[in-house]
Structure formats: C-alpha cells, structure tokens
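Novice: Pasting the sequence and the predicted coordinates here, then a few questions.
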Amino acid sequence: MRLFANLFETLDTTTSTHAKIDAMVDYFRGADPADAAWAVYILIGRRLKRSVGPSLLHTWLIEEAGLPGWLVEETYGSIGDLAETVALLVTPDPPAPPDGRGSTSSELRLRDWFHERILLLPSLDLEEKRRLIVGWWRSLPYRECFLVNKLLTGSLRVGVSRVLVTRALAELFDQPRTHVERALIGAWDPTPEFWGAMMRDESSTDSTHPYPFFLASPLEGPIGALGPRKDWLAEWKWDGIRGQIVRRAGQCTLWSRGEEIITDRFPEIVAAAAALPDGIVLDGEVLAWRDDRVLPFAQLQQRIGRRKLTQKILKEIPARFKAYDILEWDAEDWRNRPLQERRAQLQSVLTSLASKQIDISVGLREDSWEALAVLRESARTQGVEGLMLKAWDSPYGTGRQRGAWWKWKIAPFVFDGVLLYAAPGHGRRSNLYTDYTFGVWHGEVLVPVAKAYSGLTDDEIRTLDKWIRSHTREKFGNVRSVEPVHVFELAFEGIARSPRHKSGIALRFPRIKLWRTDKRAVEADTLGNLQAVLEQLQRDVR
C-alpha cells in the first residue's frame, strides 16, 4: 500500500505527462503481479461496490476526532474532502501499532488490502466494520489513510487518464498501444493471471470481448479546411448510447461505450443480431425508435433505468441499432482496413438482414460543404445533434485521435442562471468550491434547474471560491447555499420533462459558458423560458 500511495501522490501532484508515465512505469516494473493488476484496475477508473457510505465515515469521524462537533464540521467544510479530513484529524503521527488482527501497516500489499480487508467489509455487521475502519485510521500514516478512505467510498479520482495508463503499460511491455487498450476493455478481474496474460500480449479468450471505441473530436476550424467533400463520409450524429454488437461462438452480446453489458436491456436488438453471421462485431448507436424516427434520449433512459422491462415499455419505447462500422468480419479484425472498404462490407451484411432493428446509419448525399452546412441547421428537427464526418481512407482507431473523425454539432441551447449552491470538487480541487447549482426564476422564487462544474478558468474558480466562503447563507454538510447574486450563462444539449426534479425539467450536459458579471440576478432567465424551449423542440420533431 505504501508504494501505491507514493504513486498516487506523484500522479495527483504533477502536471507533467512524461513524469506521470515514468512514475507508473517505475511502479509497475517493481510491483508484484497481483498488486500491479489492482493498481491498473484503480487507475483506469474501475470501481468496486461501495464498502461503507460516506455518512457513516462522517459520523465515526465526529466520534473519533476528540474535537467539538462544530469544529469537525468547520474543518470538513474548509477542506471539502471527507477522506482528507479523516486523515488529518484522526491519523496519529506516528501511527499506533496494529490492533492484534494482523498488520494494518502501510507495508501490507495492495492486493491484500482488497482481499483481506475491503472486500470482506460487506459481510460484517456495523460494529465490526466500525472497529476495523477506525483501527485502520489509527494505524496508518496520513497518506495511506487518505487513500484507504477513498477506496472505501469508491470516490478515488487520480490525475491520470486511461490513455496515460495505456501508454505506460505499452512502454513497460514494449507492445503496441492498441494491444494494451483491447486487453483493458470489457469485464476482467484484477488477478496475477490477467497481468501475466497482458504482459505476454495474449489475446482474450472471452468470446464476448469488444474492441476499444474510436471517438470523434469536435470540429472547431472552418469546414473547408478538411479538403474535398468527396473524401469524407457524412452522416447524422445520433443521440443515443454508443454500443458494439459482438456475435461470436453462437452468442450475442451488446456492449455500451462505458464497457457495460446491456444485452438484457435491449432484447429486440439482440434477437435481430442472432441472424448475423458468426465472427462479426458492429459499432453503432442504440436509439429509441418509433414510427420511422428517433425518440428523445430521455425516453431511451427509461429503458436503461428500469430493473424489469415490461411488454408495455417495450411497446412504447422500441429500440433500434444504427450501425456505423464493421470492426470484425469472419472472425478477422478489420479495423486497419479503410473506412470505405468497411462500409461496403457493412452495407452488404445489413442488406440481407430481414429485421429493421439493426440497420445502417446512411451517408448523407449533399455533395458540397455548403449544402451540408444548410442540412446541419435542420438537425434538431431530425432529433439529432448535428453531423459526423469521417475520412473514407481512415482505419478504425482507438480513443480520441484527431484528424480522421469529427463531430460537427449544432450550437447548444443557452440560458442565464443564478448561482444557488456550491460544493467542493475532487482531487486537486477538493479544497475549492467547483461544483455549482444554478436556478432560474419561477415567479418570485429561484428554482434549481442545473448542476455544472466545468467552464470556468482557474482564476475564476479561485475568485468565486473566496466569494462563496464569505457569502454563505446555510450549510448542508459540505454543500453551501450562497447569496443569489451571480449570474452565469450556461449551455446545454437537450431538455426533457422530469417529474423527479422540482423544476419539472432536466437539462442534458449543462456546462458554464460565461460568468455574466454584467448582469444582475433579476435579469436571469425564467422557468417559463426553458419550458418554451422544450415545447418548441417537441413541435419541431413531430
């Protein structure tokens, strides 16, 4: 645990990409295979089921800190991170000796921390959990105590991306990044066997294994800079769930881009995929689809959110798979072939498929960039987000590689909202208020409508953090209600009705666009304005 905690601190405190990769390579090179596998599991963002809730840790902290409750709350509010607050207030220096139930020192291996401690917690009663966790607090140094509490609550965020972890492993194993990326996708257990297979570059024996997804980059420059229109495939940017249909060994599995198996959520798609030939993998989009048109994403979410699919919901919100690409054909990896060849094969395969539940995302015929730009303006009436542009000669890459695939989205919706609440961020921003809730006017009352945590500069965040601390009206744990003074322009991609929200609406992908220091709170938008956007959108897509 000590070695991994050292790695975690290095990754969390440096901004140098090379330093992060070097630190990971050094750690993995000297780590036991079981520890290395667990470290990869954690660093790429895989999460275990939460062992104990933060509210319990918060309660135990107050009981164990030996300080007045109000002082603990003030400290927590100032620090903004529960794991760090525990480590600062409870961990002795030096740590106390073990409690007699085996070593709880930082020398215990990372693998043993999981298998002999954290993974056993769900089977214990509350008092035994408390005794063990408080014992860990008392016997671990600050850094390891902080890390253990992050692992307990499942809220560990470290300053590396999955791409950087992949680069480090590719360098360590002297393998192509594509091989490492494929090994890390899908379901796998952090075991020495997994580490050994990845180190030896052995292909997965799991016939359901998908491929890493290729992602498009936002188109920011002039469209004409892409070159001749004929060199590019243009298609609608569908608003659904990116997925892969994997048909191998007589089985069919549907994966989401989030590396979750969603086969049981969309039985009609899986049934249609049974007619596909064996040894095929399709990339595409899962959509809610009825009466020859796509339904809003909010309706698709109802399919995902239900534990049991009824015949009623299957009838009301039928699903369809719009195929973009063919990644495997006749059990052969086709990703390095040019898109033009892959699309021709995809068209051939789907033409012979009787079911409409799987069809191709057709290319748009407009033969000039100017004509495409005009068509793009009608995207919302089509229920889509804009256009996708893909170079005909491009292979199917991994991750977000600029140059071959672009997403040319329509301009987002915007509104002016008032800052109402603020909460601390995570990682290096855990001591700053960076997560905000915004409201709009409903009569004479401000109603919360959106949460956002991106869009401000570091200087703006620091300025706003200082203001929040001195203009707090109420505290709710680590959340502060602030004076309704500051107005922000927010952008969002979609809007839907939502009985779960007090405002009655839900916004999709809200983010801060601009701090409107030129506006007063009374000039912010109204709930009626947002409802009008929703009603107009519903009329447009009818």
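Specialist: Alright, I've got the coordinates.

Novice: How far off centre is the lowest-mean-pLDDT helix or strand in the chain?
Specialist: With mean pLDDT, DSSP states H and E as the measure, the helix or strand of the chain carrying the lowest mean pLDDT is helix 69-79 (a mean of 81). Using CA atoms, centre = their mean, to the nearest Å, the distance from the centre of helix 69-79 to the centre of the chain it belongs to is 30 Å.

Novice: Which segments of this structure make up each domain?
Specialist: Per automatic domain parsing, the domain ranges recorded for the chain read 46-153, 214-409, 413-540.

Novice: End to end on the longest one, go ahead and measure it.
Specialist: Right, the one you point to is domain 214-409. For domain 214-409, the separation between the terminal residues is 18 Å (CA to CA, to the nearest Å).

Novice: give me every residue that touches S361.
Specialist: Under the criterion of CB atoms under 8 Å, 6 or more residues apart in numbering, the contact list for S361 reads 235-236, 238, 284-285, 322-324. Every C-beta, even on glycine, is put in place using the N, C-alpha and C of the backbone.

Novice: and those residues, which of them are in helices?
Specialist: By the criterion of DSSP state H, membership of the contacts of S361 in helices covers no residue at all.

Novice: how about the domains of the chain in a markdown table, adding distance to T14?
Specialist: As requested, these are arranged in a markdown table below (distance: least, CB to CB, whole Å):
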| stretch | distance to T14 |
| --- | --- |
| domain 46-153 | 16 |
| domain 214-409 | 22 |
| domain 413-540 | 10 |
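
Novice: which stretch among the ones you listed comes nearest V180?
Specialist: The closest approach between V180 and any of these, judged by CB to CB, belongs to domain 214-409 at 9.7 Å.

Novice: Sketch out the low-pLDDT regions of the stretch 401-542 of the chain for me.
Specialist: Across the stretch 401-542 of the chain, residues meeting the criterion (pLDDT under 70) sit at 426-428, 540-542.

Novice: any idea where the helices of it begin and end?
Specialist: Along the stretch 401-542 of the chain, the stretches classed as helices by DSSP state H, counting those that start in this stretch are 458-470, 527-540.

Novice: out of the domains of the chain, nearest to L164?
Specialist: L164 lies closest to domain 214-409 among the domains of the chain, at 11.1 Å (CB to CB).

Novice: quick one, strands of the stretch 401-542 of the chain?
Specialist: Assigned by DSSP state E, counting those that start in this stretch, the strands in the stretch 401-542 of the chain fall at 405-409, 413-424, 433-442, 445-452, 472-476, 479-482, 487-492, 494-497, 505-508, 511-515.

Novice: what's the closest of the ones you listed to G30?
Specialist: Ranking the strands of the stretch 401-542 of the chain by proximity to G30 (CB to CB) places strand 413-424 first, at 34.4 Å.

Novice: Tell me which of the helices of the stretch 401-542 of the chain sits nearest to Q175.
Specialist: helix 458-470 (36.5 Å).

Novice: Distance from that closest one to the middle of the chain?
Specialist: Helix 458-470 has its C-alpha centroid displaced from the chain centroid by 26 Å (CA atoms, centre = their mean).

Novice: Return that helix as CSV; C-alpha atoms alone will do.
Specialist: Only the C-alpha atoms of helix 458-470 are listed here, as CSV (Å, rounded to 0.1, in the frame of the first residue of the first chain):
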residue,chain,number,x,y,z
ASP,A,458,-8.6,28.6,-12.6
ASP,A,459,-8.5,32.3,-11.7
GLU,A,460,-12.3,32.5,-11.9
ILE,A,461,-12.7,29.4,-9.7
ARG,A,462,-10.4,30.8,-7.1
THR,A,463,-12.2,34.2,-7.1
LEU,A,464,-15.6,32.5,-6.9
ASP,A,465,-14.4,30.1,-4.1
LYS,A,466,-13.3,33.1,-2.0
TRP,A,467,-16.6,34.8,-2.5
ILE,A,468,-18.6,31.6,-1.7
ARG,A,469,-16.9,31.2,1.7
SER,A,470,-17.7,34.8,2.7
